[in-house]
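K.L.:
Kindly generate the corresponding structure for this input.
(one chain, ligands or ions: 3)
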Amino acid sequence: MTPEQVLAEFRDAQALLEGHFILSSGLHSGVFLQKMAIFSDPVRTERLCKALAAAITERFGPVDIVVSPAIGGIVPGYETARHLGARAIFVERDPGGPFTLRRGFSIPAGTRAVIVEDIVTTGLSARECRASLAGEAGEIVGAACLIDRSGGRGEIGLPLVTLVTLDIPAYPADALPPELAALPAVKPGSRVMHKT
Ligand SMILES: O=P(O)(O)OC[C@H]1O[C@H](OP(=O)(O)OP(=O)(O)O)[C@H](O)[C@@H]1O
Ligand SMILES: O=C(O)c1cc(=O)[nH]c(=O)[nH]1
Ligand SMILES: [Mg+2]
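P.N.:
Ligands and ions are numbered 1, 2, ... in the order given. Next up, the predicted model:
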């Protein structure tokens, strides 16, 4: 799939939103990729994740396990795993807490795992996912996402494959451009933000 075809899927699904959004990292942005508008359509999701699975195989070789950060990563992780012939597991948070591997999931010795994210903005969630797997015996060989909106600057500590790299501006709360500050902010994701 070309980057243009991937972006057309997001556009056609009305997943490219404009407004004022508070992102998982706490940064603010005028653009939000509403991945659930994609994942609510199994056929569209299959097209994208089949392409992501091919990119994963090309870059990392055979993979036994896909591990994804909940909630956004669960559907693309499962669908990508289906095309890889791999298992699909996920890490999840207790409210406000770190990611944890629960439900009897593990990455056993001798297995090769890939982290599959939906969107990478700063890489924080994928990095936290990776950290939560430090005690697992298998090897985490890399990470993958549908769209990397960090301009390639997201830091995960693993090689990242993506279908599209975009460079979408995101701002700290105290450095908003006036046109963004004028709009009411919404926070679409599931991470609980704590006031400091
Ligand atoms: O690279 P980052 O700066 O971490 O941003 C990207 C993350 O933000 C979203 O998750 P979010 O925590 O909003 O919750 P969700 O998965 O439930 O949508 C998205 O699913 C990625 O996991
Ligand atoms: O950084 C995020 O939280 C984020 C950005 C985006 O475009 N889409 C999304 O689901 N999360
Ligand atoms: Mg997420």
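
K.L.:
Number of residues surrounding the residue in the chain that ligand 3 sits nearest to?
P.N.:
Going by Cβ to the ion, ligand 3 is nearest to Gly72 of the chain, at 3.4 Å. C-betas here are computed from N, CA, C, even on glycine. For Gly72, the neighbour count with other Cβ atoms under 10 Å is 23.

K.L.:
quick one: it and Ile115, what's the gap?
P.N.:
Gly72 is 12 Å from Ile115, where distance means Cβ to Cβ, to the nearest Å.

K.L.:
Then Thr121?
P.N.:
Thr121 is 15 Å from Ile115, by Cβ to Cβ.

K.L.:
re the thing from before, so what does the residue of the chain closest to ligand 3 have for phi and psi?
P.N.:
phi -60, psi -30 (degrees, to the nearest 10).

K.L.:
I figured it was touching Leu33, is that so?
P.N.:
No. Gly72 is not in contact with Leu33 according to Cβ atoms under 8 Å; the separation is 10.0 Å.

K.L.:
tell me, what's touching these two both at once?
P.N.:
Jointly contacting Gly72 and Leu33 under the rule Cβ atoms under 8 Å, 6 or more residues apart in numbering are Ile119.

K.L.:
On the three-state scheme, the closest residue to ligand 1 within the chain is what?
P.N.:
In the chain, no residue comes nearer to ligand 1 than Gly189, which is 1.9 Å away by Cβ to the nearest ligand atom. Secondary structure for Gly189, judged by DSSP: H, G, I helix; E, B strand; the rest coil, is coil.
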